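In: sequence first, then the predicted structure:
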Amino acid sequence: MGPRAVIVGPPGAGKTVVGQLLADHLGVTFRDTDTDVEDLAGKAISEIFTGEGEQAFRELEERAVARALADHDGVLSLGGGAVLSEATRERLVEQPVVFLSVGISEGARRTGLSTARPLLAGVNPRATFKALLNARLPLYRQVATCELDTDDLEPHQVAEHAIDGLRTASPASE
Ligand SMILES: Nc1ncnc2c1ncn2[C@@H]1O[C@H](COP(=O)(O)OP(=O)(O)OP(=O)(O)O)[C@@H](O)[C@H]1O
Ligand SMILES: O=C(O)C1=C[C@@H](O)[C@@H](O)[C@H](O)C1
Ligand SMILES: [Mg+2]
């Protein structure tokens, strides 16, 4: 049996916060592959990016996602860029996948105060965020069975909508 729900979306969409709330609602455990990667590597994601680079991080992430999809039966949040891996996208076929979307302004606001996101640590985080959203939107949509715009919702409201979305979800496209 796979996860009850898999959550994808860009940084700041609320995958971690909403994933935990959704797990509480459903009475299941929560797991976040970003934490799994840090446990595997024995260091913070920002240190992996700085020390070994993004490609090394993506390889660790792909393994962590495969493992979590195989043995976690609660709510599973993936790292924001996990869908960049074709192997991961294939593993998500027939899984209940919730895509949490966030607009550029709100996403930049939510992530703006944190230095823990290496991909957004450059000189113009807003432009980086915009490019990231444009590049990844089709990939999030490819794997999602349900999409929720989180811009005007509090995290607990997003979790409630996710429960409805999971109930009425349509299968992801190939
Ligand atoms: N719907 C929301 N409304 C207001 N604030 C939110 C909402 N969702 C998340 N946040 C806030 O935005 C920040 C980022 O949320 P969170 O860490 O859950 O994002 P994430 O999708 O897991 O990001 P990452 O990909 O970097 O792990 C947190 O401070 C969180 O409290
Ligand atoms: O969007 C991304 O590529 C990332 C999001 C985070 O969840 C982490 O997985 C990491 O910071 C990379
Ligand atoms: Mg997170």
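Out: On my side now, so go ahead. Ligands and ions are numbered 1, 2, ... in the order given.

In: the helix or strand of the chain with the lowest mean pLDDT near ligand 2 anywhere?
Out: Scoring the helices and strands of the chain by mean pLDDT, DSSP states H and E places helix 104-112 at the bottom, with a mean of 85. No. Counting by C-beta under 6 Å from any ligand atom, ligand 2 is not contacted by helix 104-112; separation bottoms out at 9.4 Å. Glycine gets a C-beta too; all of them are placed from N, C-alpha and C.

In: got the CA positions of the following helix or strand past that helix in CSV?
Out: Where DSSP states H and E defines the elements, the next helix or strand beyond helix 104-112 is helix 125-143. What follows is helix 125-143, C-alpha atoms only, in CSV (Å, rounded to 0.1, in the frame of the first residue of the first chain):
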residue,chain,number,x,y,z
PRO,A,125,14.9,35.6,-5.6
ARG,A,126,11.7,36.8,-7.3
ALA,A,127,13.0,36.4,-10.8
THR,A,128,14.5,33.0,-9.9
PHE,A,129,11.1,32.0,-8.4
LYS,A,130,9.3,33.0,-11.5
ALA,A,131,11.6,31.1,-13.8
LEU,A,132,11.3,28.0,-11.5
LEU,A,133,7.5,28.2,-11.6
ASN,A,134,7.4,28.5,-15.4
ALA,A,135,9.7,25.6,-15.9
ARG,A,136,8.0,23.3,-13.4
LEU,A,137,4.4,24.0,-13.8
PRO,A,138,3.8,21.4,-16.6
LEU,A,139,5.7,18.8,-14.5
TYR,A,140,3.6,19.4,-11.3
ARG,A,141,0.5,19.3,-13.5
GLN,A,142,1.6,16.1,-15.2
VAL,A,143,1.8,14.2,-11.9
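
In: just to revisit the earlier point, got the angle between the least confident helix or strand of the chain and helix 125-143?
Out: 110 degrees (axes from the mean of the first three to the mean of the last three C-alpha atoms, to 10 degrees).

In: helix 104-112 vs ligand 3: in contact?
Out: No. Using C-beta under 5 Å from the ion, we find that helix 104-112 stays clear of ligand 3, coming within 10.2 Å at best.
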